[in-house]
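K.L.:
build the 3D model from these lines:
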Amino acid sequence: MRARLFGFDALPAQYGELTVRTYRPGDERAILETFNRVFGRVDVTFRPRSEAFWRWRFLGNPSGSRILLAFTPEGRVAGQLACLVQRVRLDGRPSCFSQGVDQMSDNDLRGGLKRGSLVGVLGNTMVKLYAGTGPTQDSLGWGAPVPAAWRAGKAFARYEIIRTQLKLCAAPGALRPGPAPGVVLEELREFPPEIVGVFERASARHRALAVRDKAQLDWRWRDHPERRCHMALARRGGTVVGYAVWTRGDFDGARDEALLCDWLVAPGEDGAAAALTAWLVEGARAAGLERMTALLPDTAPEWLEFQRTGWRVYPSRYFFIGRQYVRGYDVQWMNRNWYYTLGDTDLL
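P.N.:
Numbers count the residues shown, from 1 in each chain. Reported below is the predicted structural model:
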C-alpha cells in the first residue's frame, strides 16, 4: 500500500491520465514549451524564457532545485511545481529552505482535472519527498506568489503569510554613510573563498540565514545570464567584513532604479556598512539613477540601521508565504528571525 499524505498518495505514478514524476535531463524543452505558453497568456509584459536562463536557474544552483512534473500520455507538461533550494544555517545547524518559483498548470492539457487538485498532489508530493529535519531536507517551503498562486497554496498546501513586505528607498543624495576608518573597499569580478567568513559571523546575529559562500554567490551574481551585477567587498586589516551587490533594473512597478540585490555585513562592522553604502551611492550616481531600492525584513537590525543612514520605508505589492516542516520553526518564528535580501527571492 502506498503511503498517504493529507488525502493524496504521497508519490503517485499516475493521477488520472497524467504521470507525475521528478525532473529528468531533457525535460526542460517540454517544460519551457508549456511555461512560455501559459505565462504568455496571462502577462502582456512576459518575455519567453530561454533554455540558457532555465539551465542557469535550476541546474546551476549549487544548493540544488526540486522539480515535479505532470505529463500527458503524449509527453507534454500539463503541470509543474518547481522550487529553488537554499542551503541555510538554522539555529546553528545546516538545513534547507525551498522557494517555490514556477508553479503552472495548463488548462488545455489537464484532461479534465481541476487545477486545485493538480496543485495539491504536486505540493504534497514535494513535501513527502523533501521535507524533514536532515541537513539536505527542507525545513521551510516559501514563496512570493501572485494572488492566484497564493489562493491555491493556501487552499491545497496549507501555506500561511510570513510577512507583508515593505521596502526601503532613497535618492542617492539623501544617504549619509558616515565614516569608514581602516576599511578598504574592493570591487569584484568573482567572490573570494574567504567570503564565507562574513556569513559565519552574520549567522551568529541571524538565526535563519541562507548560506553565502563563493559557489553560491558566484552562481547568483557573477554567472547571471541576463544581468550585469556590481559586486564589492569591504576588508579591515585584510579580513573580509562585508559585501554588497547592486544592479540596474525595474522593480515593483518602478523603472530604472539601483536595486540593492544583496547585503551582508558582519556584526559590529559599522565602518564596512558605511563604505559599502558610499560605494552604492557612487555607483547609482555614475549610472544616472535617481532612486535606490532595497528589500530587507523589517524585524532585522539592518532595517533600522538603513533608516539611520537615510533610507525610508515604502509599501510594496509583495508578500511572503510559507509552510513549516520542522516543529518549532513556524511562520511567526521565521518572521522574527529570518534574514534575507532581494537576491534571496525570485523577484530579481
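K.L.:
so what are the sheet partners of the helix or strand where residue 68 lies and their directions?
P.N.:
Assigned by DSSP states H and E, residue 68 belongs to strand 65-71. Sheet pairing of strand 65-71 (DSSP bridges) gives strand 18-22 (antiparallel), strand 77-90 (antiparallel).
K.L.:
confidence-wise, which of those strands is weakest overall?
P.N.:
The stretch with the lowest mean pLDDT among these is strand 18-22, at a mean of 90.
K.L.:
tabulate the CA atom coordinates of it in CSV.
P.N.:
The C-alpha trace of strand 18-22 is given here as CSV (Å, rounded to 0.1, in the frame of the first residue of the first chain):
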residue,chain,number,x,y,z
LEU,A,18,-1.3,12.3,-16.0
THR,A,19,2.0,10.8,-15.0
VAL,A,20,3.6,12.6,-12.1
ARG,A,21,7.4,12.3,-11.6
THR,A,22,10.5,14.3,-10.8
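K.L.:
CA atoms only: put the following helix or strand past that strand into CSV for me.
P.N.:
Using DSSP H and E, the helix or strand that follows strand 18-22 in sequence is helix 28-42. Extracted in CSV, the C-alpha atoms of helix 28-42 (Å, rounded to 0.1, in the frame of the first residue of the first chain):
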residue,chain,number,x,y,z
GLU,A,28,13.5,21.3,-20.0
ARG,A,29,12.3,21.5,-23.6
ALA,A,30,8.8,20.3,-22.7
ILE,A,31,8.8,22.5,-19.5
LEU,A,32,9.7,25.7,-21.5
GLU,A,33,7.1,24.9,-24.2
THR,A,34,4.3,24.9,-21.6
PHE,A,35,5.8,27.6,-19.4
ASN,A,36,6.2,30.2,-22.2
ARG,A,37,2.6,29.4,-23.5
VAL,A,38,0.9,29.5,-20.1
PHE,A,39,2.6,32.7,-18.8
GLY,A,40,2.4,34.4,-22.2
ARG,A,41,-1.4,34.2,-21.9
VAL,A,42,-1.7,36.0,-18.6
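K.L.:
below-threshold pLDDT in the stretch 1-150 of the chain: ranges please.
P.N.:
Within the stretch 1-150 of the chain, the stretches falling below the threshold (pLDDT under 70) are 1-14, 110-116, 147-150.
K.L.:
redo that, cut-off 50
P.N.:
Counting by pLDDT under 50, the stretch 1-150 of the chain has low-confidence residues at 1-12.
K.L.:
how about residue 182, what does it touch?
P.N.:
The contact partners of residue 182, taken as C-beta atoms under 8 Å, 6 or more residues apart in numbering, are 236-237, 271. To be clear about C-beta, it is placed using only N, CA and C from the backbone, and glycine gets the same treatment.
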